[in-house]
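S.K.: Sequence plus the predicted model coming up.
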Amino acid sequence: MPQLSLPKLLVIAAVVVAGGAAIGVTAVSALDANSACDYPVAPGGASALVSAIVNPEAMSEVAFPTPLITTGQEMSVVFPGEGEQAQQGDAIDFDVSVFVGSDGQFLTGSSYDPANPVRRVIDNTGDDFFASVLECQRPGAQVVMTSPIVEVFGS
């Protein structure tokens, strides 16, 4: 079977829905009134080019110019969600649709079944892309992530 080889700078556009009708952040600790949560990934030119109509019950409708290229991770918030923000060590349930930046094709995604979300424990020190970039998200948040393929799937 041939292996998929993709240039390092092509972007994965991952549309992430954190929460939804029956899914959300679990084990979220209360934030200290004086503390603030800084998103681990800033918005950028590539993530701003992705338009998304997010449906928490089905795959999102996504459009962006191709090729979509970036040199690092970027995140644009489509909808900020409500409630407490996910912090280091919290578990977060989410759904995701992943698209290839070179041609806009759908690559992979979750089932969008409320009974079977993707779950990650927030860990900004590990190698798991979603476990780190979802820090500070609130239940129901909808975000667009863009990143070089190797930062999502490894080399």
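M.R.: Now that the structure is in, tell me what you want to look at.
S.K.: The longest strand along the chain: which residues count as buried?
M.R.: If you go by DSSP state E, the chain has its longest strand at strand 91-100. By neighbour count on 16 or more other Cβ atoms under 10 Å, the buried set for strand 91-100 is Ile92, Asp93, Phe94, Asp95, Val96, Ser97, Val98, Phe99, Val100. For the C-beta atoms, the positions are set from N, CA and C on the backbone; glycine is no exception.
S.K.: What pairs with it, parallel or antiparallel?
M.R.: As defined by DSSP bridges, the strand partners of strand 91-100 come to strand 11-18 (antiparallel), strand 25-26 (antiparallel), strand 106-109 (antiparallel), strand 118-121 (antiparallel).
S.K.: weakest of the ones you listed in terms of mean pLDDT?
M.R.: Ranked by mean pLDDT, the strands paired with strand 91-100 end with strand 25-26 at the bottom, a mean of 30.
S.K.: Identify the residues contacting the next helix or strand after that one?
M.R.: Counting by DSSP states H and E, the element after strand 25-26 in chain order, helix or strand, is helix 45-48. Residues outside helix 45-48 that contact it (Cβ atoms under 8 Å, 6 or more residues apart in numbering) are Val11, Leu68, Ile69, Thr70, Glu74, Met75, Ser76, Gly101, Val144, Met145, Thr146.
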